[in-house]
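[1] Just to be clear, the model below is a prediction. Sequence and coordinates:
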Amino acid sequence: MSETDHRFPCPTCGADFRFDPATGGLKCPHCGQGESIGDGSGPWAGAGVLREQDFRAALDDRLARTDYEETRVLSCESCGANIEIDETVHGTTCPFCASPVVTGTGTNRHIKPRGVLPFALDEPAARDAMAGWLGRLWFAPNALKRYARKGRAMDGVYVPYWTFDARTQSDYTGQRGTVHYRTRRVVRNGKTHTQRVADVRWRAASGRVSRFFDDVLVLGSQALPKRFTDALPPWDLTQLRPYAPEYLAGLRAEAYSIPLDDAFVEARAAMDRQITRDVRFDIGGDRQRVTRIDTSVAAVTFKHVLLPIWIAAYRYQGKSYRIVINGQTGRVEGERPWSIWKIALAVLAGAVLAGLFGFAMAQQG
C-alpha cells in the first residue's frame, strides 16, 4: 500500500475502513471493528504544534525528497478542482460541481501535507446542518429540499490550505489628528441654532511597529467560489494533527492548484492589512493619516495542511449548485436556485392582499 493510498482493509471482514469522527480513529462500516490512528488516546490525540518548513528552501526546490509526494490526480474541466484518486478508479463525479468526469493516468508531484484537521462531524450530522440551512431558505424549489430529505450521499473532502509564519518590522510616517470641538450659531428658516463643529489639528508622526504572524491561512484551491471559502471560517488550527493517510480513509482529498509563491502573495496582503491597523493604533489620536510604510519580512515558514468540508453538489435544470459545510464546526454556505412559481405566487398573494386592504379602506370611507 502506497503512502498516498486512502484505502485500509479491515483485517476481520476485508471491507475498507472509514475515518470515524466520533473516535478519531478508523471504523469498519461492515463489521464495526475499530482501529486507532497514532497513539489512539482520544479523538484529538497528538494535536499540537507541527514542524514548520522553510519558505525560501521550498521556492528553490531544496526541500528533502521526503517532503514531496506523487499522487494520481484528476483535474475537473468544469470547476478546476484537482481530485486525488487511487489506481482502482476509472471514472468518477466531481465532488465540487457534480460534473461527470473520466479519470486520467497522470501523476502530480507536490509538497506533501504537513498536517490534517480531522473531521469532527460525520455525514449524518453534516446532512442535518444542510437540512436546517435549506429549511430557512425562502422561495427555494421543492426539488432542492427533497434532495436533503432523500438522504443522498455527501462527499467528505479535505481541501488544501497553506499557512505562513513570518516576523515583520515596519517603519512608518504619517499624521496624528486630534479633534477639537467648537460651537457656532447658524440661522435656518429664520431661527438661530447652535451647531457643534469638529476641527482636526494634525501633527507629524513616525515610528516602528513589529509583529510575529502565526498561521496566516491561505486557500490552495480554486474549485470553490471565494464567497464560500471566506464564509467557512473560523477553523481551530490548534487541533491540527500530523498528517497520516489514515485520516483520509473513506474520504477524498484535493491537491492544491495555487502554488506556494502565489499563496504567499495573498498571505502578504493579509499581513499588510494587519500592519496598517497596527500603525494606526501606534499613531494614536482621534484620526490617523498613513503616508508611508516600509516593511521588512524575515523568518518566513509555511505548512501545507488539509482542512475538512462536506459537500453536496447537485444539478438543477442544467446548472450545478453546491452546499458546503465546515467539517469541524458545521457552518453552512451554499448556492441556491429560486423557484419562479413560488415567487410569482407570493407576488400574486401580495397583490390580492393589497387589493382587499384597499377595498376595505374604501368601504370604511
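    Ah, there it is.
[2] Which stretches in the stretch 101-250 of the chain count as helices?
    If DSSP state H, counting those that start in this stretch is used as the criterion, the helices of the stretch 101-250 of the chain fall at 123-135, 142-149, 226-231.
[3] What's the biggest strand in the chain, counting residues?
    Ranked by residue count and defined by DSSP state E, the top strand of the chain is strand 155-188.
[4] I'd like to know which elements that one is packed against.
    The contact analysis (3 or more CB pairs under 8 Å, 6 or more residues apart in numbering; DSSP states H and E) places strand 155-188 against strand 191-219, strand 252-253, helix 260-283, strand 287-316. From N, CA and C alone the C-beta is placed, and that goes for glycine too.
[5] okay, the helices of the stretch 101-250 of the chain, which one's buried deepest?
    Mean neighbour count (mean count of other CB atoms under 10 Å) peaks for helix 123-135 among these, with a mean of 17.
[6] Find the centremost residue of the protein, please.
    Nearest residue to the geometric centre of the chain (CA atoms, centre = their mean): T229, 3.4 Å.
[7] I'd assumed L219 was in contact with that residue.
    Yes. Counting by CB atoms under 8 Å, T229 touches L219, with 5.1 Å between them.
[8] ok now stretch 180-199, how far from the chain's centre?
    How far stretch 180-199 lies from its chain's middle: 50 Å, per CA atoms, centre = their mean, to the nearest Å.
[9] Contacts made by it with the rest, please.
    Where contact means CB atoms under 8 Å, 6 or more residues apart in numbering, the residues beyond stretch 180-199 that reach it are V179, V200, R201.
[10] ok, now which ones touch R56?
    Counting by CB under 8 Å, 6+ apart, R56 touches V300.
[11] hang on, it is in a strand, isn't it?
    No. Counting by DSSP: H, G, I helix; E, B strand; the rest coil, R56 is not part of a strand but helix.
[12] just checking, K27 touches D20?
    Yes. Using CB under 8 Å, K27 is in contact with D20, at 3.9 Å.
[13] what residues do the two have in common as contacts?
    Counting by CB under 8 Å, 6+ apart, the common neighbours of K27 and D20 are G34.
[14] What residues of the longest strand of the chain count as buried?
    The neighbour-count check on strand 155-188 (16 or more other CB atoms under 10 Å) flags 155-166, 168, 170, 172-177 as buried.
[15] rewinding a little: any idea which of the helices and strands packed on strand 155-188 scores lowest on pLDDT?
    When these are compared on average pLDDT, strand 252-253 comes out lowest at a mean of 87.
[16] residue contacts, Y161?
    L217, V218, L219, G220, H304, V305, L306, L307.
[17] quick one: the strands in the stretch 1-150 of the chain?
    Per DSSP state E, counting those that start in this stretch, the stretch 1-150 of the chain carries strands over the ranges 18-20, 25-27, 34-35, 53-54, 68-75, 82-85, 91-93, 100-102, 107-111, 115-116.
[18] ok, the third one: who's next to it in the sheet?
    Strand 34-35 has the following strand partners under DSSP bridges: strand 25-27 (antiparallel).
[19] now do the first one
    Taking DSSP bridges as the criterion, strand 18-20 sits next to strand 25-27 (antiparallel) in its sheet.
[20] just how off-centre is the strand it pairs with within its chain?
    Its chain's average C-alpha position is 26 Å from that of strand 25-27, according to CA atoms, centre = their mean.
[21] pLDDT averaged over that strand - what is it?
    Strand 25-27 comes out at a mean pLDDT of 91.
[22] Kindly report the same for stretch 66-83.
    pLDDT averaged over stretch 66-83 gives 80.
[23] can you tell me the distance between the two ends of it?
    Distance across stretch 66-83, first residue to last, is 22 Å (CA to CA, to the nearest Å).
[24] buried set for that stretch?
    Those would be E69, T71, R72, V73, L74, S75, C76, C79, A81, N82, I83, for stretch 66-83 by 16+ other CB under 10 Å.
[25] With that, I have no additional questions.
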